[in-house]
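S.K.: everything below, folded, please.
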Amino acid sequence: MTMSKASSKIKLGLYLHIPYCLKKCDYCAFTSYPGKGVPHQYLSALKKEINRASEVFDLKNCPVDTIYFGGGTPSLMTPDD
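M.R.: Here you go, the predicted model:
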């Protein structure tokens, strides 16, 4: 099987770690930092990382099938984020 045929069957899963939460839960094993929100610098770096990944993966032949936001409390992000 050629690489192009193999890659056409691959679907990617994307995990976005948002390590910020209002408080650290006792049971949480994720790396997370308590605070009031998600720092703009972190989101900016995350966007750059997504852009870099899109240059590496052939997203036309390997579409992103699943996106998971986790690690802390992603709902701390605002709609503008």
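S.K.: state the phi and psi torsions of the most centrally placed residue in the chain.
M.R.: By C-alpha atoms, centre = their mean, the chain has its centre lying nearest to residue 16, at 1.6 Å. With angles defined as degrees, to the nearest 10, residue 16 sits at phi -110, psi 110.
S.K.: which SS class is the nearest residue to it once chain neighbours are set aside?
M.R.: Closest residue in space to residue 16, ignoring its immediate chain neighbours: residue 69 at 5.1 Å, by C-beta to C-beta, 6 or more residues apart in numbering. The way it works is simple: take the backbone N, C-alpha and C, and place the C-beta from them, glycine included. Secondary structure, DSSP: H, G, I helix; E, B strand; the rest coil: residue 69 is strand.
S.K.: my guess is residue 69 contacts residue 18, does it?
M.R.: Yes: Residue 69 lies in contact with residue 18 (C-beta atoms under 8 Å); the separation is 5.8 Å.
S.K.: between those two, tell me which one has more neighbours.
M.R.: Set residue 69 next to residue 18 and count neighbours by other C-beta atoms under 10 Å: residue 18 wins out with 21 against 14.
S.K.: quick check: the gap between the more buried one and residue 61.
M.R.: 28 Å (C-beta to C-beta, to the nearest Å).
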